[in-house]
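Chemist: A structural model of the following input is requested.
(one chain, ligands or ions: 2)
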Amino acid sequence: MYLHGTSKINDKGHLEIGGCDTVELAREFGTPLYVFDEALIRQQIQKYHEAFQKSGLKYQVAYASKAFSTVAMYKLANQEKMSLEVVSEGELHTAVKADFPRERIHFHGNNKTVSEINYGLDENIGCFVVDNYCELELLNKLAADKGKTAKILMRITPGVEAHTHEYIQTGQADSKFGFDLNNGQARTGVEKVQELNNIELLGFHAHIGSQIFDVKGFQMAADKMVNWFAQVKKDFGMPLQVLNLGGGFGIRYHKEDTPLPVGDYIAALSETIQAESKKLGLDAPEIWVEPGRSIVGEAGTTLYTIGTYKDIPGIRRYIAVDGGMTDNLRPAMYKAKYEAMVANKANETKLETVSVAGKCCESGDMLIWDVDLPAVNPGDILAVSSTGAYGYSMANNYNRIPRAAVVFVQNGQADLVVERESLNDIIKNDRIPERFL
Ligand SMILES: Cc1ncc(COP(=O)(O)O)c(C=O)c1O
Ligand SMILES: N[C@@H](CCCC[NH3+])C(=O)O
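Modeler: Numbers count the residues shown, from 1 in each chain. Ligands and ions are numbered 1, 2, ... in the order given. Here you go, the predicted structure:
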């Protein structure tokens, strides 16, 4: 397993993260346990700031909080001077509870409800990223009811196909997201904005997809978006300021993954924006990006306790852990590949190829097909790396399995940031009709 950030093997031959022995963490907090390397999260955020500062562009880096949404994480994002992208009233509520500065909150979503829009308006958030005509009209009406003007970006589908899993592509024409640039929807949207009294258009947004390793797709989208931005300024005389180019910067889950350093993505984007703006005689717009995975993904490691095993001679050995698709849906949903090590046997060199199964009632509940591990015993601790993004945030209670706890580790200190769900949490919303009593 690749050792990210502060991860290392300590004198006991155990995996250590943030100066904490993971075997001790498993004992103290139980398993499955999401462990976040706080220093690595902060370091990733700083890389974005450094790259933008180098470019000279005005910018905001918004944390795409769907990747890992908790009050502690939002506090950290604020400390590190990020903005925040939310897509639901649940995420917005988390931000409110974290006292996140409202003017730096951007509200996304292809079907925001009345209650969600009203929540955003009441909190005077920085902007709504409007996805479609229906939302434009609804937002205008709800803002008018409150005597407010809603600042917006319009989400544009630029017609760029990102090279990634089809479920996490979003920039292509056939997408549920955004106003299509090529078929005229985007232009009609701007015309509509002009007729609405309670909407102020700040600029545009595009997000082409996720877990992208190449700069080409980003550059193509940036190129199209600057041209569109300039066109709208010219044709409609609008004082636009912002171009939001989304997130999607790839990370390393597995040795097959080849992400670029964060600075390379931002440098490529900035150069495209600056060159195109110059060509068009335009002052370069303020650039916003919204990374999620690349902020928290590699900083997260999940610890499991190994339980049973099953041998199928000549085929494979399954070893089973006390979690699975309930704490990490990504292998089942995207065939995502992960790396792992046995945290209490990190120095053992005699390895065998096994497959790691979850404990849910689904054959597809496999965390890793074919990984090299030392011989294991029940009670050993398995560490799966790069689980920080879309792990906890996509966790679920299938088979009534409680959601796992989350700890942040740094300088030898472990702080619980999300408690493990209890069995009573599992049934807390159940109600018994009187006739069953
Ligand atoms: C609109 C939008 N912005 C940002 C992101 C964050 O993507 P990632 O976590 O890959 O950086 C996503 C998710 O793909 C998204 O849909
Ligand atoms: N949840 C996805 C990515 C979707 C991102 C949101 N548009 C993943 O785990 O990779």
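Chemist: Longest helix in the protein, please.
Modeler: helix 216-236 (DSSP state H).
Chemist: ok, and what's touching that one?
Modeler: Helix 216-236 is contacted by residues 156, 158-163, 171, 181, 186, 190, 194, 203-204, 206, 208-209, 212, 238-240, 243, 245-246, 248, 265, 268-269, 272-273, 276-277, 280, 282, 285 when judged by C-beta atoms under 8 Å, 6 or more residues apart in numbering. From N, CA and C alone the C-beta is placed, and that goes for glycine too.
Chemist: Which neighbouring elements make contact with whichever helix or strand comes after it?
Modeler: Per DSSP states H and E, the first helix or strand lying C-terminal to helix 216-236 is strand 242-244. Strand 242-244 is packed against strand 199-205, helix 216-236, strand 286-289, with contacts defined by 3 or more C-beta pairs under 8 Å, 6 or more residues apart in numbering; DSSP states H and E.
Chemist: among the ones you listed, which is nearest ligand 2?
Modeler: For ligand 2, the closest of these is strand 199-205, at 12.7 Å, according to C-beta to the nearest ligand atom.
Chemist: Give me the phi and psi angles of Gly209.
Modeler: phi 150, psi -170 (degrees, to the nearest 10).
Chemist: let's number from 122 now, not from 1
Modeler: Shifting the count to begin at 122 puts that one at Gly330.
Chemist: And stretch 163-177, what's buried?
Modeler: Arg163, Gln165, Ile166, Lys168, Tyr169, Ala172, Phe173, Ser176 (16 or more other C-beta atoms under 10 Å).
Chemist: Please enumerate the helices of the stretch 222-371 of the chain.
Modeler: For the stretch 222-371 of the chain, the helices defined by DSSP state H, counting those that start in this stretch cover 235-243, 254-266, 306-316, 337-357.
Chemist: And those: which comes nearest Pro153?
Modeler: helix 235-243 (31.0 Å; C-beta to C-beta).
Chemist: on contacts alone, who are the packing partners of the closest one?
Modeler: Partner elements for helix 235-243 (3+ C-beta pairs under 8 Å, 6+ apart): helix 210-218, strand 226-228, helix 254-266.
Chemist: Quick one: distance of the second one to the chain centre.
Modeler: In this case it means strand 226-228. Distance, stretch centre to chain centre, for strand 226-228: 15 Å (C-alpha atoms, centre = their mean, to the nearest Å).
Chemist: same deal with stretch 184-202?
Modeler: Using C-alpha atoms, centre = their mean, the offset of stretch 184-202 from its chain centre is 10 Å.
Chemist: Please identify the buried residues of it?
Modeler: 184-195, 197-199, 201.
Chemist: cool, and stretch 469-489?
Modeler: Val475, Ser476, Val477, Ala478, Gly479, Lys480, Cys481, Asp486, Met487, Leu488, Ile489.
Chemist: Quick check: Met275 touching Ala307?
Modeler: Yes - contact status for Met275 versus Ala307: in contact at 6.9 Å, counting by C-beta atoms under 8 Å.
Chemist: And the biggest strand by length in the chain, what does it pack against?
Modeler: Criterion DSSP state E: the longest strand present in the chain is strand 421-433. Contacts defined by 3+ C-beta pairs under 8 Å, 6+ apart place strand 421-433 against helix 143-150, strand 154-158, strand 437-442, strand 502-506.
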